[in-house]
Every structure is written in structure tokens, then in C-alpha cells.
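**Q** build me a model from this:
(chains A and B)
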Protein chains: 2
Amino acid sequence: MNNFNFLCDTKFIFGKETEKAVGSEIKQYGKKVLFVNDGGDYLKTTGLYDSVVDSIKSENLQFIELSGVKANPEVELVRKGIDICKKENIDFILAVGGGSVIDTAKSIGVGVYYDGDVWDIYEGKGRINDTLPVGVVLTIPATGSEASISAILTNGHSKKAIDDTRIRPVFAVMNPELTYSLPPFQTTAGCVDIISHVFERYFTNTKHVGFTDRLCESTIKTIIDNVYKVMKNPRNYEARAEIMWAGTIAHNGILGVGRDECWGAHMIGHELSGEYNITHGTTLALILPHWMKYVYKHDVMRFVRYAVEVWGISQNYDNPEETALAGIEKTKEFFESVGQPTSLKDVNIGDEKIVTMAEKCTKNGNIGGFVSLNKEDVINIYKSALE
Amino acid sequence: MNNFNFLCDTKFIFGKETEKAVGSEIKQYGKKVLFVNDGGDYLKTTGLYDSVVDSIKSENLQFIELSGVKANPEVELVRKGIDICKKENIDFILAVGGGSVIDTAKSIGVGVYYDGDVWDIYEGKGRINDTLPVGVVLTIPATGSEASISAILTNGHSKKAIDDTRIRPVFAVMNPELTYSLPPFQTTAGCVDIISHVFERYFTNTKHVGFTDRLCESTIKTIIDNVYKVMKNPRNYEARAEIMWAGTIAHNGILGVGRDECWGAHMIGHELSGEYNITHGTTLALILPHWMKYVYKHDVMRFVRYAVEVWGISQNYDNPEETALAGIEKTKEFFESVGQPTSLKDVNIGDEKIVTMAEKCTKNGNIGGFVSLNKEDVINIYKSALE
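**A** Here you go, the predicted model:
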């Protein structure tokens, strides 16, 4: 186990009708709120918009709305948000939505305290000085951004991430009922994203991390168990709740303590989002099974463990590779069974941009921690995803 | 799943030599430190005392030492600590030790902000107003007090607990090397305590908490896997590290989110500590197997799950009770195999004080959440522990 520091100081307010508490949480931090959302119909049809506004008003807080966040959120809206915050003396940012809305809020938060253009920070040319506090009402379990130290932003075809403990939201209001209206495809893309966050900790070269290995396996199995229940009945509160909470645990850092992480597949997926504007979780369904097949020989027994502990596959003790490959195949079949594509063919992508994406992906050097991947490796993985 | 609020804002600094960071952590909160410890020889022989003092001095912080904390810590020393804090304008309390030292520090912390006698708070006659910040250098993985909202104090034969989110330590420095010198009996008593903290969440009447069920099982299995390694080689860093981190997770609240808890067996054990000054974890080894046998019929399938998922027992589908009982028997055998007594006979306790203890235990009404226990039930459990 590696040495580690860990602090997750997000307050979780979880359960039915909890969005009504948002005003009283905000007033511990500020008086004038930037209310960020994506303007989706569900905000009005579910009553969420009114609940949030009522809760803010009942605490005598002021707010200005910034709507129109898109999937794979773009820097333009962040710049607009920063301007509003500066001009209007905003002291708190509330994100009501999924990862794109939260990451927009986080980006605005740090942008307010940065003198230049906020994209500098994403390019590594500028530093985070401070942030406005950000609170969340979560509507899509997927990115884990409600309690993570990460944010992702898109500028043209470029998609980049920042990591900083100061951008962790101060609170996350999580009502599973708010996810009832999430369409099946978005639900399961979110589940792939959650599983991917666990993989990024689970496939490690660090030895003697059996406890977190088990916690990782528990999280993946929870998603597998509950996603079918939600597909069958989108209003299954208990299953929605399990997925929502597992999504947070998957990415608040607790599963990664004391171990090296591996973000190779995630980065390969990001390039697909950047080029083709594909839902983030779906890019991971497209890439992960192929990444797994490409790297499993590096540590066959870790993939055997995965196959046995997560999928309950009977181990072939004479042929560990067979067991390892069966676990990878199960993963692929699982993604397909919940309606996620696992081949670039399925989303009508050919080999045209593979080299470009691989170049962008590796322009700062090799990627990945479990296995270090260079441009050729990335090209190979994209190519195997074509099949 | 129940609605819940959860925030664990303890910062963990985990790994080798981390005690050297204690000064720089403290200076974020205060300048004049009350340094609480038990005066044990290990403080000097391991070099821990000097490391901590050097780290404090290197940050130009002042400190006053309060030594002599006993197991099942007593209110007298807490009162003395409160006087020192008030007289010397202490602004930070550092606990270097195990649960007794930490709970002493927590009690001093709240006592400083309370006008009457601190025991009032434990008796429910006084309220917590505020606390001095408390930091921890942990030397015994057991009580989980390094990140819990609880503290326990003894006054004569009376042992009582408080729970308040404000008493959670602000940081916990956790170096597994510091536990190398922990004697086998204290090591395994700590492991029983850790398992008990999980049981208190695991044996619940709340349905649809499969995710936290799995996290609970992972934590128990981690202790079982690693305790034998440590008994074989007390300087096994990796096994010491797994136990230490599992001990924190067992009781920082994350395993209890969204579910009713059950502290019946814990309270029955507390009376044994109060009357006979037995190590806390050992009282739980004495009580838990008998409590389990007394309550398992309330939800046989939960005990079947426990037997199968934790102990890997082959399920007898025709006779669930047999499987449930096999899991309970395994638990008892496990405690015995690590040198912990499971019968009051083993610690030379007869039936003399059983009624007295049962009366004290239930004087505020029934105890326990999984099964509600009255005085007669508690007597029955003590009696079965005589065998």
C-alpha cells in the first residue's frame, strides 16, 4: 500500500425530497447564488426547478440563472458564468444537473479567482488560486463530480481535465427520485462511467491493497445488480438509490487510497467525445473491453481476480488466461446487454481520425498507469474497437 | 434505504513516517497544544514521542503534556485537562494513542466549552456547545475514534458515550509501523472491536442496502484475512496497514449510511468494562457470539447471508437455520483462534453482577435496534455467555 492523504469534505444529503433543503445548505456559504443548469425539460416537468427556486427564496437568498449547459460542456458558457459572478458579486454556485453542469460550475468557481482566461488552467498554463464554493443537486449518477476533485471542459475539439482538492463541492443533494426520468441510454451510459471510475483504481500495479480491492468489487457488483432493475422499472427507488450512492463512492477518492491509478482508457475515450461529441460513458463502453484485452497480459491474475470476484466465473486453475478473458468478455456482454455500444462500427465511426486522436491523446507523453501506452498502443486499441 | 446526511471531514494522513507531519497539520488550527497520551513505554522506545515533539517544535508551536490516560478512560483526567486548557489558553488538542487517549481528548475538547462538569454531558444533563479542534496520531486500530463522532468515558462503574458530529477529529495521522509493538492480545481485541463496529451496521432491519452490505462484508473479511498475518509477524506492514484503514472505515459512518444501526451488544459489553475493567474489544468477543445466537431467528436470512458472504460457508438451502448457526459458530471460533475469550468463565466472571449489569444497561429502556432487548433479554445473554 502506498502512503496517502485523503479528505472528502463534501456533505451528502441523500434521499427523498432532499432538494428542499438546498436553500438552508447554501446559506451557510453565501447570499447570492449563480444557479447553473442545462435548461432541460425535466427541470420543469419534474418540479425540480420550482423546488430549488422555492428553497432558495425561502432562505431570502438571491439568485441569477445560467442555463444551457451542453453535454461535454464548453468553455464559452464558463466564461459567461465567470463574467456574471464578477459583475454581480456572486458568492455561491449551485449546480443542478449531472456532470456537465457540475463541471461547468466548478470551472466557473476557479475562473472567478483567475486573472487570465479560464482555459489556461485546463492547459496547464495557469494555476488555481481559489474557488467560489460549489453545491450540487445531482440528477445523473455517472461522473461522480458531485464529490470529486475533478472537472472536465471542452474547447472546440479539445477536452481537458483539472484535478484539485479545492474544487470538491461543499455539499451534494442526492434524491434518487430525480433520476426516474433519466432515459435508459443515459442511465446505462452513467453506469458504465461509474464502473470505469472503479476500474481506474482497480487495475493497479500496487500490491497489498486487498481492502480497497474488495470495496471496488462491491461497487461494481452493486451497479451490475441494480442496472437491470432500473431498466425494468425506471421508478425503482431502491435500485436508483444504490446506483446513485455507488456512483459517488466510485469517484470521491475512497476507492483509490494507497494505490496507483490508471486513467489510460478514460483518456482514449475522451478523444472520442472531443471529436464526435459522444456521451462520455458511451465512449468508455466503446473503449474499455478493448483496452482490457490489450493490457490483461501485464497482470493476468488481476484479471482472474476480477473475473472470479466480480462476475463469479468459475476459475480455470490450469489456464488463468482463459478465466481472465472470460471476465473481459462478460464485461463486453454486460455493456451490450444494457444497450451500450462496444464497437466503433455501432456508432458509425471508421478509422479516419484514429491517428489524429491517438496523437492528441499522447501529445504530452505516454498515458495510463497499469500499462504505459504510447501513440502506437492507442492506435492499436482504437483499431481493435473498430471490429 | 433510509434518507441520510453524511459528512466525514477528518483528513487522513496515512503511511510510513507520517507522524513527522503532525506539526504542520496542527498549525492550521492552533498555536498552543495540549498533548494527551497514556505515558506508555512504547512512546519512548519507538521514538514516537520524540518524533511528535520534534514536529511540534519545528513549527514553533507550544505544548503542554497531559499523560497517564488509562484504558476505559476516566473523567478525573478529563477534568484536569479541561482546567489546563482554560488556564493556559490551549487552542488545539493532540491525542497520541488509541481510543482511550482520543476519547479523553474529545471529552476535554467539549468540556472546555461547557460551564458545568463535563460528566453532565455524558449523563444527558448538559449540552455540547462547541469543541476545541482535536487531532490524532493513532497507535491502536480498534475504536475507530480517530474519525468517529463518538467518545466514551468512565466515571466509577459507569461507562457512557456521546455522539456529535462536532467531535470528529480534524485530522488522523496513521502510520501502521506504530502498531508493530502492539501486543497480540491488544491487536486482536482491537480487531474484534472493528468487526463489532461493522456488525452494528450490518445487522439491520433496513431493507435494500445491498451496497453497504457488501462494503460491510469487505471490511470484516479484510480483518479476518489480515489478523493471522499480524499474529505470525507483528511487523507485517501491509497487514497492519489493512487492519488500520479497515478500522477507520468500520466506524467513520460510511458503512452505516441509509440504514438503522444496532448497538445492543456493544452496550452489554460496556457494562462488563464498567464492572470489571475488561478491554473493550474483549468484552465484545465475550458477548457477540451469544448475542448473535439470541437474535438470529429475528432474520435468519441475514445471518445466512453473513455466513455465506463473510465466511464462505456452503449454504444449506433446505435448512437456512443450519447455515445461519454455522456462521455464528465460525465467528466464535475465530475470536477464540486469535486468543480472545468467548465465555465469561475464561475471564473468571460468574453470575454475581449479571442482574446489576442488566439493570444498568436497560435503565433508560430497551436497547438494540435489530432486536429490541429488555432487562430479561440482557440477563439471558449474559447467562448464555457464562457457558
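**Q** chain B contacts on the stretch 251-387 of chain A?
**A** By the rule CB under 8 Å from any CB of the partner chain, the part of the stretch 251-387 of chain A lying against chain B is A:254, A:257-258. Every C-beta, even on glycine, is put in place using the N, C-alpha and C of the backbone.
**Q** now pLDDT and neighbour count too, for those, in a markdown table please.
**A** Written out in a markdown table, the entries for these read as follows (pLDDT from 0 to 100; neighbours: other CB atoms under 10 Å in any protein chain shown):
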| residue | pLDDT | neighbour count |
| --- | --- | --- |
| A:254 | 98 | 20 |
| A:257 | 98 | 22 |
| A:258 | 98 | 20 |
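**Q** ok, those vs residue B:172, which is closest?
**A** Distances from residue B:172 to these, taken as CB to CB, are shortest for residue A:257 (12.8 Å).
**Q** export the residues of the stretch 251-387 of chain A next to chain B to TSV and tack on secondary structure?
**A** Supplementary listing: those in TSV, determined by DSSP: H, G, I helix; E, B strand; the rest coil:
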residue	secondary structure
A:254	helix
A:257	coil
A:258	coil
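**Q** tell me where the stretch 51-200 of chain A has helices.
**A** With helices called from DSSP state H, counting those that start in this stretch, the stretch 51-200 of chain A shows them at A:75-88, A:99-111, A:119-122, A:184-202.
**Q** so which residues of the stretch 101-250 of chain A form strands?
**A** Remark: strands of the stretch 101-250 of chain A, listed N- to C-terminal, are A:134-138, A:150-155, A:158-163, A:171-174; assignment by DSSP state E, counting those that start in this stretch.
**Q** what angle separates the first one from strand A:150-155?
**A** Same thing as strand A:134-138. Angle of strand A:134-138 versus strand A:150-155, following axes from the mean of the first three to the mean of the last three CA atoms, to 10 degrees, is 90 degrees.
**Q** so what touches strand A:134-138?
**A** Residues outside strand A:134-138 that contact it (CB atoms under 8 Å, 6 or more residues apart in numbering or on different chains) are A:19, A:22, A:25-26, A:29, A:48, A:52, A:92-98, A:102, A:105-106, A:109, A:145-146, A:167, A:169-175, A:178, A:244.
**Q** then the shortest one?
**A** Applying CB under 8 Å, 6+ apart, the set of residues contacting strand A:171-174 from outside is A:10-15, A:18-19, A:21-22, A:25, A:135-138, A:146-147, A:244-245, A:248.
**Q** recalculate using a threshold of 7 Å.
**A** A:10-14, A:18-19, A:21-22, A:25, A:135-138, A:146-147, A:244 (CB atoms under 7 Å, 6 or more residues apart in numbering or on different chains).
**Q** one more: stretch A:183-197?
**A** With contacts defined as CB under 7 Å, 6+ apart, stretch A:183-197 is touched by A:140-144, A:220, A:223, A:227, A:230-231, A:243, A:246-247, A:250-251, A:265-266, A:279-282, A:284-285, A:288, A:335, A:338-340.
**Q** could you redo the last one with a cut-off of 8 Å?
**A** A:98-99, A:140-144, A:179, A:182, A:219-220, A:223, A:227, A:230-231, A:234, A:243, A:246-247, A:250-251, A:255, A:265-266, A:269, A:279-282, A:284-285, A:288, A:335, A:338-340.
**Q** now stretch A:272-284
**A** Identification of contacts with stretch A:272-284 by CB under 8 Å, 6+ apart yields A:71-72, A:99, A:142-143, A:152, A:154, A:157-159, A:185-186, A:188-193, A:195-196, A:265-266, A:269-270, A:286-287, A:340-341, A:347, A:349, A:353, A:356-357, A:360.
**Q** helices of the stretch 251-387 of chain A, start to end?
**A** Counting by DSSP H, counting those that start in this stretch, the stretch 251-387 of chain A has these helices, from start to end: A:264-276, A:280-295, A:300-311, A:320-337, A:354-361, A:375-384.
**Q** so what secondary structure elements neighbour the last one?
**A** The elements that helix A:375-384 packs onto, with contact taken as 3 or more CB pairs under 8 Å, 6 or more residues apart in numbering or on different chains; DSSP states H and E, are helix A:264-276, helix A:280-295, helix A:354-361.
**Q** what about the closest residue to residue A:301 other than its chain neighbours, neighbour count?
**A** Leaving aside its chain neighbours, residue A:301 sits nearest to residue A:320 (6.3 Å; criterion: CB to CB, 6 or more residues apart in numbering or on different chains). By the criterion of other CB atoms under 10 Å in any protein chain shown, residue A:320 has 15 neighbours.
**Q** confidence score at residue A:320?
**A** Predicted confidence (pLDDT) at residue A:320: the value is 98.
**Q** if I look at it, how far off is residue A:1?
**A** Shown here: residue A:320 relative to residue A:1, a distance of 24 Å by CB to CB, to the nearest Å.
**Q** circling back to that earlier point, list just the nearest of the residues of the stretch 251-387 of chain A next to chain B to residue A:5.
**A** For those, with residue A:5 as the reference and CB to CB as the criterion, the closest is residue A:257, at 8.8 Å.
**Q** other residues contacting stretch A:68-81?
**A** Counting by CB under 8 Å, 6+ apart, residues outside stretch A:68-81 touching it are A:34, A:36-39, A:66, A:93, A:97, A:100-101, A:103-105, A:107-108, A:111, A:117-119, A:122, A:152-155, A:159, A:273-274, A:277, A:279-280.
**Q** in PyMOL, select just the buried ones from those.
**A** The PyMOL selection below is limited to those of the contacts of stretch A:68-81 classed as buried (16 or more other CB atoms under 10 Å in any protein chain shown):
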select buried, chain A and resi 34+36+37+38+66+93+97+100+101+103+104+105+107+108+111+117+118+119+122+152+153+154+155+159+273+274+279+280
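**Q** circling back: distance to residue B:298 and mean pLDDT added to the strands of the stretch 101-250 of chain A, as a markdown table?
**A** Supplementary listing: these in a markdown table, determined by distance: least, CB to CB, whole Å; pLDDT from 0 to 100:
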| stretch | distance to residue B:298 | mean pLDDT |
| --- | --- | --- |
| strand A:134-138 | 35 | 98 |
| strand A:150-155 | 44 | 94 |
| strand A:158-163 | 47 | 91 |
| strand A:171-174 | 31 | 98 |
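**Q** so which of those is the most surrounded?
**A** A comparison of the strands of the stretch 101-250 of chain A by mean neighbour count, using mean count of other CB atoms under 10 Å in any protein chain shown, puts strand A:134-138 on top with a mean of 30.
**Q** relative to strand A:134-138, how tilted is the lengthiest strand in chain A?
**A** Longest strand of chain A, by residue count under DSSP state E: strand A:4-14. What separates the directions of strand A:4-14 and strand A:134-138 is an angle of 60 degrees, with the same axes, to 10 degrees.
**Q** what residues of strand A:4-14 count as buried?
**A** By neighbour count, with 16+ other CB under 10 Å as the criterion, the buried positions of strand A:4-14 are A:4, A:6-8, A:10-14.
**Q** ok, which pair from these is furthest apart?
**A** A:4 and A:13 (26.9 Å).
**Q** still on that earlier bit, give me the contacts around the longest strand of chain A.
**A** The set of residues that contact strand A:4-14 without belonging to it, under CB under 8 Å, 6+ apart, is A:21, A:25, A:146-147, A:165, A:168-175, A:241, A:244-245, A:248, A:252-254, A:257-258, B:3-15, B:257-258.
**Q** given it, what are its sheet partners and their directions?
**A** strand A:171-174 (parallel), strand B:4-14 (antiparallel) (DSSP bridges).
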